[in-house]
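S.K.: Predicted model follows, preceded by the sequence.
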Amino acid sequence: MAPRKFLLASSVLVLLAGNAVCSDSKAKPADQTGQSANDAGHPMSQQTRFELIRGLTAERVFVRKPFPVGEKGLMIKDGVVSPNDEQLNFLLAQRGPAAKPGDRAVITDVLVKDRSIIVEINGGPKKKKKWYQHIEAGVGSTGNTIPIGSDNSENAKGSFVALLFDHSVPDVTPDQVKQMLAPVFDFNALSATQAYVDTLPPKAREAVKNHEVLVGMNREMVVASKGRPDQKVREHDDRGEYEEWIYGTPPQTVEFVRLYGDEVGRVEIMKVDGEKVVRTEKEVQVARSGEAQPQTSEPQTPGEAGQPGAPSLRRPGEALPSDDQQSGSVAPPYQRPRNDPSLPPDPTSPQPQQQPQQQPPMPH
């Protein structure tokens, strides 16, 4: 009886060991960063933390997304960047850009938190002091102290991006973190132009690679596509002042790129065979952040003053002087009533001249 019980227990142990081996062999595949799902739950070790900080600090990168100045930076979770483009444009207009697409930035600090990895660029969002600026010395017998080093540095002009995780920061390598930061940083670009072109939409990117200029591009796109112009001319027309960039000289093909402010409004090409090509319809829309967006045909609703969204002090139902002139009804001018003793005298009306009084003759 005892040998049978021993054999039964041994067979049960063998079956359990086989199931454990099968479950281990069916582990989940690795994700895009090279970190398997089973390893994702392991917290980062102290040695990996040191290697991560040492491998990313002082690294020079090219920026792919605009970064706003201040403590509201970018966040990446599961490969999705937030805030969205609309919120990002609002932050850029409110705080200013710390880095634009195509700019070179420097990773100045790496902070590993419980559930996030924060990568600061260009000094970070907060102003930091030197070690000697924290030292104070006593003056006199009053016990007052003054700092040894003066703080003449400017406000912080950097920003940051945070990698967010659900539970804890996994045990990842610097190369895996670089892959996670690929939506906002380019670690492999050879030049700023290449990094900037990679941020453009397909139509604008293809035009830059073919050295073409589209109506609606900004100056940076034109320079990335054609380089610096051979000649510049400043003129004005019905749309206002413009700057014309001229590429090429006869008898070769000559291209005239007309910029109104920072936007291309007209492209004229004079070919060698005498053919003239003129384009004025907008082909690409450029956002404030410098990124190109597809052109939309939604009309803008004009404001009360005739401009899109223009503020007005006009009361509801009140007509402007221009409206009265268009309708032909103009209010008559105000006339002051005459000979009204209750009103003060009108200084503009002619006053009656007083006759000088005659002096009596002097007695002889």
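M.R.: Noted; the coordinates are in hand.

S.K.: Ala195 - how many residues pack around it?
M.R.: Burial of Ala195 is recorded as 21 neighbouring residues (other C-beta atoms under 10 Å). Every C-beta, even on glycine, is put in place using the N, C-alpha and C of the backbone.

S.K.: Is it correct that it falls within a helix?
M.R.: Yes: counting by DSSP: H, G, I helix; E, B strand; the rest coil, Ala195 is located in a helix.

S.K.: low-scoring stretches of the stretch 101-250 of the chain, by residue?
M.R.: For the stretch 101-250 of the chain, the stretches with pLDDT under 70 are 128-134, 139-143, 148-154, 190.

S.K.: Could you chop the protein up by domain?
M.R.: 39-193, 200-293 (automatic domain parsing).

S.K.: Take these and lay them out in CSV including mean neighbour count.
M.R.: CSV is the format used below for the domains of the chain (neighbours: other C-beta atoms under 10 Å):
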stretch, mean neighbour count
domain 39-193, 16
domain 200-293, 15
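
S.K.: what about stretch 114-125, start to end distance?
M.R.: The separation between the terminal residues of stretch 114-125, taken as C-alpha to C-alpha, to the nearest Å, is 20 Å.

S.K.: That should have said stretch 175-191, apologies.
M.R.: Start and end residues of stretch 175-191 are separated by 21 Å (C-alpha to C-alpha).

S.K.: who's in contact with that stretch?
M.R.: 32-35, 52, 56, 59, 61-65, 67, 74, 76, 79, 81, 105, 117, 119, 161, 163, 172, 195, 198 (C-beta atoms under 8 Å, 6 or more residues apart in numbering).

S.K.: Among the residues you listed, name the ones in strands.
M.R.: Val61, Phe62, Val63, Phe67, Leu74, Ile76, Val81, Ala105, Ile117, Val119, Val161, Leu163 (DSSP state E).

S.K.: nearest to Leu259, of those residues?
M.R.: Val63 (24.3 Å; C-beta to C-beta).

S.K.: Against Val284, how distant is the nearest residue to Pro68 once chain neighbours are set aside?
M.R.: Residue nearest to Pro68 in three dimensions, not counting chain neighbours: Leu91, with 4.0 Å by C-beta to C-beta, 6 or more residues apart in numbering. Computed with C-beta to C-beta, to the nearest Å, the distance linking Leu91 and Val284 is 24 Å.

S.K.: all helices of the stretch 51-200 of the chain, in order?
M.R.: 85-95, 174-180, 192-197 (DSSP state H, counting those that start in this stretch).

S.K.: can I get those helices in TSV with distance to Gln252?
M.R.: Compiled in TSV, the helices of the stretch 51-200 of the chain are given as follows (distance: least, C-beta to C-beta, whole Å):
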stretch	distance to Gln252
helix 85-95	40
helix 174-180	45
helix 192-197	24
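
S.K.: Mind checking the ones you listed for the one nearest to Val223?
M.R.: helix 192-197 (8.4 Å).

S.K.: immediately after the closest one, which helix or strand?
M.R.: Per DSSP states H and E, helix 192-197 leads on to helix 202-209 as the next helix or strand towards the C-terminus.

S.K.: what packs against that following helix?
M.R.: Counting contacts by 3 or more C-beta pairs under 8 Å, 6 or more residues apart in numbering; DSSP states H and E, helix 202-209 packs against helix 192-197, helix 219-226.

S.K.: Kindly state which of those is positioned closest to Thr145.
M.R.: With respect to Thr145, and counting by C-beta to C-beta, the nearest of the helices and strands packed on helix 202-209 is helix 192-197 at 46.9 Å.

S.K.: which other helices and strands contact the closest one?
M.R.: Using 3+ C-beta pairs under 8 Å, 6+ apart as the contact criterion, the elements in contact with helix 192-197 are strand 60-63, helix 202-209, helix 219-226.

S.K.: and the ones you listed as CSV, adding distance to Val254?
M.R.: Conversion of those to CSV gives the following (distance: least, C-beta to C-beta, whole Å):
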stretch, distance to Val254
strand 60-63, 33
helix 202-209, 19
helix 219-226, 12
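
S.K.: Which among the ones you listed is found nearest to Pro97?
M.R.: Of the helices and strands packed on helix 192-197, nearest to Pro97 by C-beta to C-beta is strand 60-63, at 9.5 Å.

S.K.: Can you list the strands that that closest one pairs with?
M.R.: Partners of strand 60-63 in the sheet, by DSSP bridges, are strand 104-112 (antiparallel), strand 185-186 (antiparallel).

S.K.: hang on, the earlier thing: for the residue nearest to Pro68, give me its contacts.
M.R.: By C-beta under 8 Å, 6+ apart, the residues touching Leu91 are Pro68, Gly70, Lys72, Pro83.

S.K.: my read: Ile259 touches Glu241, true?
M.R.: You called it Ile, but residue 259 is Leu. No: judged on C-beta atoms under 8 Å, Leu259 makes no contact with Glu241 at a distance of 10.1 Å.

S.K.: State the pLDDT value of Pro341.
M.R.: Model confidence at Pro341, given as pLDDT, is 61.

S.K.: same thing with the one 4 residues further on?
M.R.: Reported pLDDT at Pro345 in the predicted model: 64.

S.K.: Begin at 398, not 1, for the rest of this chat.
M.R.: All right, first residue 398 from here; so that's Pro742.
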